[in-house]
Every structure is written in structure tokens, then in C-alpha cells.
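Enquirer: Quick check, what structure comes out for this input:
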Amino acid sequence: MSITETEMTERVKKIIRDVPDFPKPGILFKDIMPLLADHKTMSGLMDFFAEKYANRGITKVLGIEARGFILAAPLALKIGAGIIPVRKKGKLPYRTVSVTYDLEYGQDTLQIHEDAIQKGEKVLIVDDVLATGGTARAVCQLVDKLGGSVEEVAMLIELEFLKGRKKLDGYNVFSFIKY
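Expert: Sure, this is the predicted structure:
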């Protein structure tokens with residue numbers, strides 16, 4: 001029996017756990033670990049994402065460290081694309097391209113292997129949460145630096161009140177669940 005996207009969205013929302021005051025007081029963390037542990041729901045979710053992105057010419061699915069890796073891998077396999085990890089500085093073993101971006105308090109640097117994307121390749125960027133948008137914007141810049149084309153930025157969850165989508169103007173953004 002297949003279920004609708006609305007039914008899947010409600011199922012996923014019920015499984016995602018709210019953790020108050022993590023990682024600091026006043027933050028309500030959306031914990032996807034129970035979703036990852038639920039084979040049936042996770043499999044159905046990946047089927048929905050695969051149906052959305054199949055036959056769009058996507059050659060690489062890029063996962064953002066670390067939960068993005070978990071979502072990108074099964075999706076890439078389902079749509080017949082390669083998997084690319086984007087990591088924090090110093091975590092990749094080969095020559096890299098970097099982008100440094102501003103955080104609320106300070107800066108961070110993300111890296112990708114310099115040969116991960118060929119010019120003109122269609123890339124799908126995947127992560128668990130779109131919050132302020134800084135990380136996703138930096139990853140789009142990495143794809144652009146390597147000559148790839150960002151087909152879409154796909155997020156499991158979007159925290160709309162943080163307005164992260166604004167930092168992604170010019171890019172297509174899809175969020176499965178919005179809070």
C-alpha cells in the first residue's frame with residue numbers, strides 16, 4: 001500500500017524527536033536519529049525523494065557533514081548518481097577546494113575534493129536541516145567554484161523562522177518539512 005506525500009510528511013514529523021535546550025539553552029533541536037532507526041519510514045522517505053529527483057540528469061548528490069551524508073548516500077544510489085561528501089577543513093585526504101563563511105560567532109571552512117565535480121555536472125545538495133542558510137550557501141559556492149550546476153538544495157527540515165532560504169536566493173530549494 002502506497003501513501004501520499006502528506007501522509008509521509010505527517011509520519012516523519014511524528015518520528016522526529018524534539019530535544020529542548022540542545023546544544024544550548026533556548027534551542028529546540030530537531031533530532032532525526034529516531035527517523036534513521038525506522039527502516040520502513042526512512043525507506044519510504046528515500047523513495048519520495050528518489051521519485052522527485054529521478055530523470056533530472058543529476059550526476060552527483062552532495063551530502064553536507066554529517067547527517068547530510070546519511071541522507072545523500074541512499075538517495076544517490078536510488079537515482080544512479082555519485083555521492084560527494086563536503087567536510088569541515090582538514091578532514092578530506094586529497095587536494096581540496098575551500099570556502100570560508102561566517103557563523104553567528106566566528107567563521108568556519110568547508111572543503112570538497114578538487115576533482116569531485118566536473119564542469120557542467122548537475123548536483124543535488126542534501127542535508128537534514130536548513131537553519132540560517134550559511135552552510136548551504138557555502139556548499140553552493142563550492143559547487144559553483146568547480147563549475148558544477150546546483151540543480152536543487154534539498155532539505156529534510158526547514159526552520160522557516162530563521163529565514164535561511166534568503167541566503168539561497170538564486171538557487172532552487174526544497175524542504176520536505178517546514179517548522
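Enquirer: The longest helix anywhere in the chain: which residues count as buried?
Expert: Across the chain, the longest stretch assigned as helix under DSSP state H is helix 39-53. Using 16 or more other CB atoms under 10 Å as the test for burial, helix 39-53 gives 41-42, 44-46, 48-50, 52-53. To be clear about C-beta, it is placed using only N, CA and C from the backbone, and glycine gets the same treatment.
Enquirer: Low-confidence ranges, this structure, go.
Expert: By pLDDT under 70, the low-scoring segments of the chain are 1.
Enquirer: go again using 80 as the cut-off
Expert: 1-2, 104-105 (pLDDT under 80).
Enquirer: List the contacts of the residue nearest the centre of it.
Expert: Nearest residue to the geometric centre of the chain (CA atoms, centre = their mean): residue 127, 1.6 Å. Applying CB atoms under 8 Å, 6 or more residues apart in numbering, we find residue 127 in contact with 63-64, 67-68, 71, 135-136, 153-156.
Enquirer: Tell me where this structure has helices.
Expert: Remark: helices assigned in the chain by DSSP H are 5-15, 33-37, 39-53, 67-79, 134-145.
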